[in-house]
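Q: Any chance you could fold what I've pasted below:
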Amino acid sequence: MTADKTEALRQIRDEILNLTQSPLYAFRVQNDYFPVIGQGSHEARIMFIGEAPGENEAKSGRPFVGASGKLLDKLLESIQLAREDVYITNIVKDRPPDNRDPTREEIALYAPFLVRQVDILRPQVIATLGRFSMEFILTLYDAPEKKQKISALHGKVLHLNTAYGTVALTPLFHPATALYKGDLKDTLFEDFKVLKQFL
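A: As a prediction, the model looks like this:
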């Protein structure tokens with residue numbers, strides 16, 4: 001089963017590598033960046049979904065390796081969860097210039113790859129990092145909370161009806177936001193505790 005998942009994820013990687021129709025493709029090539037497909041266990045129960053890679057991620061091809069990645073590692077450690085036991089990815093797989101927010105068009109272009117990743121990995125829990133990924137996942141699965149804001153939903157456990165069954169969803173603030181707003185860091189550590197029940 002793992003071999004099948006690995007092959008299916010490799011197919012996604014190859015398609016994104018050759019995604020010349022992406023408005024971010026030329027920016028990737030000009031800067032010798034890599035697309036950031038995802039990283040972690042193919043048997044992970046918990047899948048973290050961020051927004052888009054930053055410069056450090058695009059240089060390494062790995063998600064969450066900069067300052068926000070270091071904070072994410074500390075958050076995982078705080079609930080005794082190893083990074084290699086989860087799967088981490090983003091909606092948009094290429095870095096937007098100047099670390100700007102991904103556009104609606106970019107999200108629409110890259111989203112099908114994320115949907116396939118979820119279908120391949122079949123996580124029992126999805127933890128979204130930031131409002132873009134939260135809004136996307138809530139809308140994708142037509143959750144009753146889809147019109148609500150992250151300020152109201154962070155740290156809660158919601159339920160999604162997917163093609164393979166019911167999945168728990170926990171919206172979390174993006175670690176990068178917590179780096180700029182110190183008060184959010186404590187909130188993020190507190191919200192992370194809700195994931196303990198799924199370990």
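Q: residue ranges with poor pLDDT in this protein?
A: Applying pLDDT under 70 to the chain picks out no residues at all.
Q: and with 90 instead?
A: Counting by pLDDT under 90, the chain has low-confidence residues at 1-3, 99, 180-183.
Q: longest helix of it?
A: Ranked by residue count under DSSP state H, the longest helix found in the chain is helix 104-121.
Q: Show me what it is in contact with.
A: For helix 104-121, the surrounding residues in contact (C-beta atoms under 8 Å, 6 or more residues apart in numbering) are 5, 8-9, 12, 15-16, 19, 21-24, 37-38, 42, 44, 47, 49, 52, 87, 89-94, 96, 102, 126, 132, 136, 140, 162-164. In short, each C-beta sits where N, CA and C put it, glycine included.
Q: Report the secondary structure element holding the most centrally placed residue in the chain.
A: Closest residue to the average C-alpha location of the chain: Ile49 at 1.5 Å, with C-alpha atoms, centre = their mean. If you go by DSSP states H and E, Ile49 is part of strand 46-50.
Q: and that strand, what does it pack onto?
A: Helices and strands touching strand 46-50, by 3 or more C-beta pairs under 8 Å, 6 or more residues apart in numbering; DSSP states H and E, are strand 87-90, helix 104-121, strand 125-129, helix 131-140.
Q: In CSV: these, plus mean neighbour count.
A: What follows is those, written out as CSV (neighbours: other C-beta atoms under 10 Å):
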stretch, mean neighbour count
strand 87-90, 25
helix 104-121, 17
strand 125-129, 24
helix 131-140, 21
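Q: Report the buried residues of the longest strand belonging to the chain.
A: With secondary structure taken from DSSP state E, the chain has its longest strand at strand 165-172. For strand 165-172, a neighbour-count test (16 or more other C-beta atoms under 10 Å) marks Val167, Ala168, Leu169, Thr170, Pro171, Leu172 as buried.
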